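Q: what shape does this take:
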Amino acid sequence: MKLILLYREYCSLCKEMLEELKKYQKQYSFDIEIKDIDNDEDLLPQYDELVPVLLNEQYHEICHYHLNTDALLKELNARRNAD
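A: Numbering: from 1, shown residues only. Below is the predicted model:
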């Protein structure tokens, strides 16, 4: 399973969300793909003001600005049960 983090290098909220995600990574066995929003012309218009944004593999938003633990766990448990 993979989660996608729309990120900016200079963004403190982005770094915070990444660190929080890492706490769940071992338990739930997921990869984190980090995408620099400023280098993606397709995603920039939609997510520019929302960074950091956490998406699932289908590019459905899980949360933005701050990690929503309830939404993350709901997504991870749904994926775990689907496998």
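
Q: which strands and helices sit next to the longest helix along the chain?
A: Counting by DSSP state H, the longest helix found in the chain is helix 12-28. Judged by 3 or more Cβ pairs under 8 Å, 6 or more residues apart in numbering; DSSP states H and E, the packing partners of helix 12-28 are strand 2-7, strand 31-36, helix 69-82. (C-beta placed from N, C-alpha, C; glycine too.)

Q: tell me the angle of that helix relative to strand 2-7?
A: On the basis of axes from the mean of the first three to the mean of the last three Cα atoms, to 10 degrees, helix 12-28 is oriented at 170 degrees to strand 2-7.

Q: report the buried residues of helix 12-28.
A: Neighbour-count burial for helix 12-28, counted by 16 or more other Cβ atoms under 10 Å, picks out 14, 17-18, 21, 24, 28.

Q: of the residues you listed, closest to Leu72?
A: Using Cβ to Cβ, the shortest approach to Leu72 within the buried residues of helix 12-28 belongs to Tyr24, at 6.7 Å.

Q: so that closest one sits right up against Glu75, yeah?
A: No. Contact criterion Cβ atoms under 8 Å: Tyr24 and Glu75 do not qualify, at 10.5 Å.

Q: what residues are up against Leu72?
A: 21, 24, 54, 62-63 (Cβ atoms under 8 Å, 6 or more residues apart in numbering).

Q: which pair in these spans the largest distance?
A: Tyr24 and Cys63 (12.8 Å).

Q: who's the residue most central in space within the chain bridged to?
A: Taking Cα atoms, centre = their mean, the centroid of the chain lies closest to Leu54, which sits 2.3 Å from it. Assessed by DSSP bridges, Leu54 has beta-bridge partners Leu5, Cys63.
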